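# Turn this into a model:
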Amino acid sequence: MLCACDLHQQGGNYAVIVEHFEDITLYEPDNDKPLTFVQVKGKLSGSWTVGELTRSIKDTPPPNSIVAKLYKNVP
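This next block holds a predicted model:
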């Protein structure tokens, strides 16, 4: 949400869209790349690692990692 707060402080033309797959999408119609997709992942302590984000979840059909699920939902 910090990126949305930055846009607000800059007085930019923007909208914040909260949805199912990407968590948050920022829409800036005046930008050459008007859509920014933001993933919100919670963790009780520490930082995410590449291994944790790409680890397959046992006995789960593909896509079965956080990154794989994100990739599947890219238009």
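
# Which positions within the helix or strand bottoming out on mean pLDDT in the chain qualify as buried?
Taking all helices and strands of the chain together, the one with the lowest average confidence (mean pLDDT, DSSP states H and E) is strand 15-19, at a mean of 75. Using 16 or more other C-beta atoms under 10 Å as the burial criterion, none of the residues of strand 15-19 qualify. Placement of C-beta: from N, CA and C, glycine included.

# so what does that strand touch, helix or strand wise?
In terms of contacts (3 or more C-beta pairs under 8 Å, 6 or more residues apart in numbering; DSSP states H and E), strand 15-19 is packed against strand 23-27.

# Provide the strand pairings for the strand it packs on, with the direction of each partner.
Looking at strand 23-27 with DSSP bridges, its paired strands and their directions are strand 15-19 (antiparallel), strand 35-38 (antiparallel).

# Restricting to C-alpha, output it in PDB.
These are the backbone C-alpha positions of strand 23-27, laid out as PDB (Å, rounded to 0.1, in the frame of the first residue of the first chain):
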ATOM      1  CA  ASP A  23      -4.200  -8.600  -4.400                       C
ATOM      2  CA  ILE A  24      -3.800  -5.000  -5.400                       C
ATOM      3  CA  THR A  25      -3.700  -3.400  -8.900                       C
ATOM      4  CA  LEU A  26      -2.700   0.300  -9.200                       C
ATOM      5  CA  TYR A  27      -4.200   2.000 -12.300                       C
END
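
# Name the residues of it that come out as buried.
In strand 23-27, counting by 16+ other C-beta under 10 Å, buried: Ile24, Leu26.

# and it, how far from the chain's centre?
Using C-alpha atoms, centre = their mean, to the nearest Å, we find the averaged C-alpha position of strand 23-27 to lie 8 Å away from the chain's own average C-alpha position.

# contact partners of it?
Where contact means C-beta atoms under 8 Å, 6 or more residues apart in numbering, the residues beyond strand 23-27 that reach it are 1, 3-4, 7, 14-19, 34-40.
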